[in-house]
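1. quick one: sequence plus predicted model below, questions after.
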Amino acid sequence: MSVEFDYFGDPRFGKLLDLVLQLSTEVHVTRQRERVLEALLVRHGVIGAGEVDGFAAGDDEQVVLDRERDQLLARLMRILTEQGPAEHPLRDQWEAALHGKTG
């Protein structure tokens, strides 16, 4: 069995770094795929070049975009500000998600 390097003196920090690196990789892959999809849409004449960057949401669309942004920020702030044991952050939300509950 190999021994893992412990650069931080606490294996939880190493796991956190692993998580951040994995999420960064996922964001990179998602961005690349979005760029490819946009390029293909432009290439096939579905949208014009620069149309995505120049997108102006309608009122109903903006409501959805704002709500999704606010929900993401609320989840992130909850993680940063929650009190309780670090061993099980957001346990209530995790268990609710497992049981198909919302709220």
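-> Looks like it came in fine.

2. for the helix or strand where Ala39 lies, give the mean pLDDT please.
-> Element membership for Ala39 (DSSP states H and E) is helix 11-43. Mean per-residue pLDDT for helix 11-43: 92.

3. return the distance of the helix or strand just after that helix from the chain's centre.
-> Remark: after helix 11-43, the chain's next helix or strand is helix 59-81, criterion DSSP H and E. In terms of Cα atoms, centre = their mean, to the nearest Å, the gap separating the centre of helix 59-81 from the centre of its chain is 12 Å.

4. next, the buried residues of helix 59-81.
-> Of the residues in helix 59-81, none is buried under the neighbour-count criterion (16 or more other Cβ atoms under 10 Å). All C-beta spots, glycine's among them, are computed from the backbone N, C-alpha and C.

5. pLDDT averaged over that helix - what is it?
-> 90.

6. output it as PDB, nothing but the C-alphas.
-> What follows is helix 59-81 as a C-alpha-only set of coordinates in PDB (Å, rounded to 0.1, in the frame of the first residue of the first chain):
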ATOM      1  CA  ASP A  59     -37.800  39.800 -18.700                       C
ATOM      2  CA  ASP A  60     -38.900  36.200 -18.000                       C
ATOM      3  CA  GLU A  61     -35.500  34.800 -19.000                       C
ATOM      4  CA  GLN A  62     -33.700  37.400 -16.700                       C
ATOM      5  CA  VAL A  63     -35.900  36.300 -13.800                       C
ATOM      6  CA  VAL A  64     -34.800  32.700 -14.200                       C
ATOM      7  CA  LEU A  65     -31.100  33.700 -14.600                       C
ATOM      8  CA  ASP A  66     -31.200  35.900 -11.500                       C
ATOM      9  CA  ARG A  67     -33.000  33.200  -9.500                       C
ATOM     10  CA  GLU A  68     -30.400  30.500 -10.400                       C
ATOM     11  CA  ARG A  69     -27.500  32.900  -9.600                       C
ATOM     12  CA  ASP A  70     -29.100  33.800  -6.300                       C
ATOM     13  CA  GLN A  71     -29.600  30.100  -5.400                       C
ATOM     14  CA  LEU A  72     -26.000  29.200  -6.200                       C
ATOM     15  CA  LEU A  73     -24.700  32.100  -4.100                       C
ATOM     16  CA  ALA A  74     -27.000  31.200  -1.200                       C
ATOM     17  CA  ARG A  75     -25.600  27.600  -1.300                       C
ATOM     18  CA  LEU A  76     -22.000  28.800  -1.400                       C
ATOM     19  CA  MET A  77     -22.600  31.300   1.400                       C
ATOM     20  CA  ARG A  78     -24.300  28.600   3.500                       C
ATOM     21  CA  ILE A  79     -21.200  26.500   3.200                       C
ATOM     22  CA  LEU A  80     -19.000  29.400   4.200                       C
ATOM     23  CA  THR A  81     -21.100  30.500   7.200                       C
END
